[in-house]
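Asks: Sequence and computational prediction follow.
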Amino acid sequence: MDDVEKLKKENEDLKNSNAVKSDLISICAHQLRTSLSALKWIFKMFIDKDVGALSSEQESLINKASESNERMLALVNDMLTLSHAENTALSFKSVPTDVIKLAEQTLFEFSGESHKKQIELIFLKPNNIVPEISCDPEMIRVVFQNLIENAIKYSESGDKVVISIKNENESIEISVHDNGIGISESEQANIFGKFFRAENAKKKDIIGSGLGLFTTKRIVEQYKGKIWFESKTGAGTTFFVSLPINK
Ligand code: ADP
């Protein structure tokens, strides 16, 4: 076997062992998610008093257990999405996708959450026709999910979240605006970093893993798109995503 052949074989072996490791992470995360989801519903039954009244001490303990479970669930969900985005990075699907429909479906998924938090979700559709873009709809759905979820999460009851989609010549521009807690100027440079969470988010005890925006940026860049934001502490944040229309 000559050197080139040897290197090729080593490369192949490395790829295989990496794939096995990734599969293992995905399988573990899926199993964990199943168990954590089951716990979530059990806690909910206690909290909703479906199984009878609780003493105030029991209630407080169940609430703490439920919050901790939610944290783990959020982390496992983010791990799953990230591992999927990293594994499929070289083979992202490319199918014609209606971004407006995708946005509407995602908004519908969040209608319960926003109603519970009394946040109005507003969708500003474009006046002109938006062409389909060639992408993996499940990955672009993750982009919408992460941005809308954050906008709701980092807003207060009574606030509004506005999603808009525009057709800008060669690209589609998506924006997600909120008038929530905002991101301080000194932390803005770090916001797309893996596991990064701003101080105001941590202080408010809002559940999160710091993986959502990191994953979102990876996906957007995979499609040669751009992601950026404008924010002011206490006044709100707008995230923008621009995706090229590949004809
Ligand atoms: P997390 O799971 O913590 O929400 P993300 O990666 O989605 O992680 O976001 C990273 C950090 O960016 C968050 O922890 C929060 O500090 C900040 N952030 C993201 N979106 C918003 C927003 N709409 N308003 C205020 N802060 C935000």
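Replies: Happy to help now that I have it.
Asks: so what's Asp178 closest to, chain neighbours aside?
Replies: Closest residue to Asp178 apart from its sequence neighbours, by Cβ to Cβ, 6 or more residues apart in numbering: Ala151 at 4.0 Å. For the C-beta atoms, the positions are set from N, CA and C on the backbone; glycine is no exception.
Asks: Count the neighbours of the one you found for me.
Replies: Here the number of neighbours of Ala151 (other Cβ atoms under 10 Å) works out to 27.
Asks: Same question for the one 5 residues further on.
Replies: The local packing count at Glu156 equals 13, with neighbours defined by other Cβ under 10 Å.
Asks: isn't the residue nearest to Asp178 right up against Asn179?
Replies: No: here Ala151 does not reach Asn179: they are 9.5 Å apart, not a contact under Cβ atoms under 8 Å.
Asks: buried sites along the helix or strand where Ile163 lies?
Replies: Taking DSSP states H and E as the definition, Ile163 sits inside strand 160-168. The neighbour-count check on strand 160-168 (16 or more other Cβ atoms under 10 Å) flags 160-167 as buried.
Asks: swap in stretch 50-63?
Replies: Buried residues in stretch 50-63 (16+ other Cβ under 10 Å): Ile62.
Asks: how far does that stretch sit from the chain's center?
Replies: Remark: stretch 50-63 is offset 32 Å from the chain centroid, using Cα atoms, centre = their mean, to the nearest Å.
Asks: how long is that stretch end to end?
Replies: End-to-end distance for stretch 50-63: 15 Å, by Cα to Cα, to the nearest Å.
Asks: can you list contacts of it?
Replies: 43, 45-47 (Cβ atoms under 8 Å, 6 or more residues apart in numbering).
Asks: who's in contact with the spatially most central residue of the chain?
Replies: By Cα atoms, centre = their mean, the mean C-alpha position of the chain lies nearest to Asn146, the distance being 2.6 Å. Neighbour list for Asn146: 212-213, 215-216 [criterion: Cβ under 8 Å, 6+ apart].
Asks: And for Ile122?
Replies: 160-163 are the contacts of Ile122 under Cβ under 8 Å, 6+ apart.
Asks: ok, so of those residues, who is nearest Val142?
Replies: Ile163 (15.2 Å; Cβ to Cβ).
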